[in-house]
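# What would the 3D arrangement of this be:
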Amino acid sequence: MKQVSVNDLKSLFLPPSDSHKGQNGRLLIIGGSHLFHAASLWALKVASRIVDLVHYSSVAENNEIVQKSKEEFRDGIVIPRADIESYIEEDDCVLIGPGMVRSEKSNIKNQISKTHIKYQKLEDILQITDEGEQTAALTNYLLKKYPHKQWVIDAGALQMVDIGLIPKNAILTPHQGEFAGLWEKADSSQLAVRSGTELILADQIKLFAKRHQCIVLVKGEVDVVCNGGECDGRICVPGECRQISGGNSGMTKGGTGDVLAGLIAALATKNDPFLATIAGSFINKQAGDALYKTVGPFFNASDLADEIPKVMKELLVHQ
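Model prediction:
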């Protein structure tokens, strides 16, 4: 499997000198919960430094936190969950999931399969008091209604998604445990190659991406990214898998995955989704390694979000 290198980043979009506000990416982030406040804020922090405009929607407590930190978030708008559909239509990409909670009910698979049937209106979903059930209902309602949008599905939303509703070219960002859950939900008897041996992780990722026509990034010591290929009439382009090495023990801190999700979503507003995914993984690991050179493993998600723009300048802005 081919390694991603800095050469793969050459075609990334850079804002033209004559561009105007709004032309260099518009992102909607849907995340956060009463339990997890910081996760969606880390995604917001890094994304707001890359795209022109971030719309941010969370529970009331998180919206208030962001309102109070406007000095760090000048180019964004905090919106209530009740208004997200109008922003989905106008924004280039939607990130859903950071900080959203999964259900703790025993029959999660059965619950997920029913939520998008049970709840047909956004106002009904927002009245659900169980946050895990609301995560499932909101995620699957939006994916079903807006399959034409560019989605990045992360964390809680990823754990509660009905895999039959994954939109084409959606970007999924699971760690290995979360991907195991996705694989379990899939009809693995059809996905698996009947060779009498268990598929290795890379093969599972490739088959899942092909079956659901999406991009899958499985995070780990070595990140693996696969897409599902493309067919246009009689011409088919096979799927592609890439791997990204790098990173260090400092990146095991909580929140670094949320930073990565925000970075990928920001890049996906103006780039091909597969390119956005491999580039985001590469930049994220490079930023972590740059921090390690100065402070060792003693950095956190906020430090990583601060380092990413510096690394992007070194990699992408030609002097």
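# Residues touching stretch 264-274, excluding its own?
With contacts defined as CB atoms under 8 Å, 6 or more residues apart in numbering, stretch 264-274 is touched by 11-13, 24-27, 29, 43, 46-47, 50-51, 91-95, 150, 152, 169-171, 173, 215, 217, 225, 227, 240, 275-277, 279-281. (Glycine included, C-beta is placed from N, CA and C.)
# Which ChimeraX command selects the buried ones in these?
Buried members of these, defined by 16 or more other CB atoms under 10 Å, are picked up in ChimeraX with:
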select :12,24,25,26,27,29,43,46,47,50,51,91,92,93,94,95,150,152,169,170,171,173,215,217,225,227,240,275,276,277,279,280,281
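# quick one: average pLDDT of the strand or helix carrying L207?
Per DSSP states H and E: L207 is located in helix 201-212. For helix 201-212, the mean per-residue pLDDT is 93.
# Partner strands of whichever helix or strand comes after that helix and their direction?
Once helix 201-212 ends, the next helix or strand along the chain (criterion: DSSP H and E) is strand 215-218. With DSSP bridges as the test, strand 215-218 is paired with strand 171-172 (parallel), strand 223-226 (antiparallel).
# quick one: average pLDDT of strand 215-218?
Mean pLDDT, computed over strand 215-218, is 98.
# which residues are in contact with it?
With contact meaning CB under 8 Å, 6+ apart, strand 215-218 is reached by 169-176, 179, 201, 205, 208-209, 223-228, 264, 273-274, 277, 281.
# ok, now stretch 11-26?
By CB under 8 Å, 6+ apart, the residues outside stretch 11-26 that reach it are 50-55, 75, 90-93, 266-267, 269-271, 275, 279, 316-317.
# where does the nearest residue to L165 once chain neighbours are set aside land on pLDDT?
Spatial nearest neighbour of L165, chain neighbours left out: L143 (4.5 Å); criterion: CB to CB, 6 or more residues apart in numbering. The model reports L143 with a pLDDT of 96.
# how would you label L143: helix, strand or coil?
helix (DSSP: H, G, I helix; E, B strand; the rest coil).
# Fine, thanks again, bye for now.
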